Structures are given as structure tokens and as C-alpha cells.
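A.B. asks: when you get a sec, could you give me coordinates for this:
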Amino acid sequence: MAINKEAYEQLKADLGSHHIILVAVSKTKPVEEIKELYALGQKDFGENYVQELCEKQSLLPKDIAWHFIGHLQSNKVKQIASFIHLIQSVDSLKLLHEIDKQAKKNNRVIDCLLQIHIAQEETKFGLDETELEQLLNNIGGFMNVRICGLMGMASFTDNMNKVRNEFRHLKNIFDRHAALTIDNCQLTILSMGMSSDYPVAIEEGSNMVRIGSLIFGARN
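C.D. replies: Alright, predicted model coming up:
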């Protein structure tokens, strides 16, 4: 199935006019479709699985900015540390330690977002507010990671009021910490919103959205 070029161009125009970064979520999609979207000017792509990401990265143009947006296991960090553009799903101090360690081995500073648990569903990963505070109090010693913002996923529901409240909650957390003055922590990115709820996310202050099915069509 080909990408929906019309939907993509419309999205790109709408988001670009508001300076919102579009991350095209290409998980499970073939390299050919990513190439097709890349040819239209898309450079930011999001993947959920380390093995799939590594395979695609080896086959595609090197100026693609790869975002890791799934749950990342500490023992898999070394596989992506040499090339990853942004890890959006940092949900523990242990994981941050490992990213810092592998970044140092690759002589890099890796940009990260802290994933905050805002959904009512237990299946979603992320830090609660207490864990966020503890992590922020301990990041000064990391030399090879840079915390650039927060990420969150709303509940999977048709109730857009619920979704809006969850996004608003995350924006409030973001605003409370945006004035932090730590060398390796400047919160500028608020990544929230996917194909089903991105308009609400933008209304609530998102400046980065992760869009898959609107561009690539439904996944198998």
C-alpha cells in the first residue's frame, strides 16, 4: 500500500505553519514507503523496535533523523547509540545511565525526552511526577545525554475530553520544569499527539507529533 501523499502534504503544511515537528511513525512499514516519504522532504521518522530500526537505518539515507518512540530496554541501547537522533521514551534513571554510557563510547551526546505516564491505562510506560523529580535531581552528572523535553501518550479512547485533560496535565508538568537551568537539561520539546488525537494535542501545547496511520495507512 502506497503512502497517502495528499494527507502528508496537508499535514506538513498545517504543522509547518505552527512550527510543529512531524515525526512520521514508520514501524512495520517497508523501506520503499519510507523512501517515498523521504523523497517528499520528510526527514524525521519514528520506530518502536530496535532490530527493525537498525535494519532500516542500514538501508536508508544517512541524513534521516531517527526517533526511538517505543519502550527501550537498557540492553538494546548499544545497538542504536551510534546513530539515534532522539530517544523519546526515557522512563527510568537506569535507562538514562545506559544511554549516557553508550553515548560516551560513541563519542556522542544523545538527545532524549523523558516519557511521562499520563494515561489511565496501566499498559503505558512512563515516569510519574515523583520519579520525574528524582530523575531531574540526578541528571547533572550525565555528560553524554541532553534532556530536551517531555513525551506522553494519552489513553486510547474516543473520549476526547479525557484525552484533552491528559495532554493538559502533561503541558502543566512541562511548564513547571521549563525554567530549569541545568547544563544538560533544557526542556523545549513537548511530544504529544498521534494520528487519532494530534489536533487536541496541538491545542494543548504540543510542538512535536508522532503520526503513522494517517500517512502510511492502517497497520496489519
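
A.B. asks: isn't there a helix covering residue 112?
C.D. replies: No. Secondary structure assignment (DSSP: H, G, I helix; E, B strand; the rest coil) places residue 112 in strand, not in a helix.

A.B. asks: for it, give the beta-bridge partners.
C.D. replies: Here residue 112 sits in beta bridges with residue 87, residue 147, going by DSSP bridges.

A.B. asks: list the contacts of it.
C.D. replies: The neighbours of residue 112, taking Cβ atoms under 8 Å, 6 or more residues apart in numbering as the test, are 86-88, 90, 96, 99, 145-148. Bear in mind the C-beta positions are built from the backbone N, C-alpha and C, glycine included.

A.B. asks: closest to residue 119 out of those?
C.D. replies: Comparing those against residue 119 with Cβ to Cβ places residue 88 closest, at 15.4 Å.

A.B. asks: what is the burial count for the closest residue to residue 35 other than its chain neighbours?
C.D. replies: Spatial nearest neighbour of residue 35, chain neighbours left out: residue 60 (6.9 Å); criterion: Cβ to Cβ, 6 or more residues apart in numbering. Residue 60 has 16 neighbouring residues, counting by other Cβ atoms under 10 Å.

A.B. asks: can you pull the contacts of residue 60?
C.D. replies: 31, 34-35, 38.

A.B. asks: ok, and the most crowded of the residues you listed?
C.D. replies: Result: residue 34 is most packed of the contacts of residue 60 (other Cβ under 10 Å), 22 neighbours.

A.B. asks: report the buried residues of whichever helix in the chain runs longest.
C.D. replies: Taking DSSP state H as the criterion, the chain has its longest helix at helix 160-177. For helix 160-177, burial by neighbour count (16 or more other Cβ atoms under 10 Å) applies to 163-164, 166-167, 169-171, 173-174, 177.
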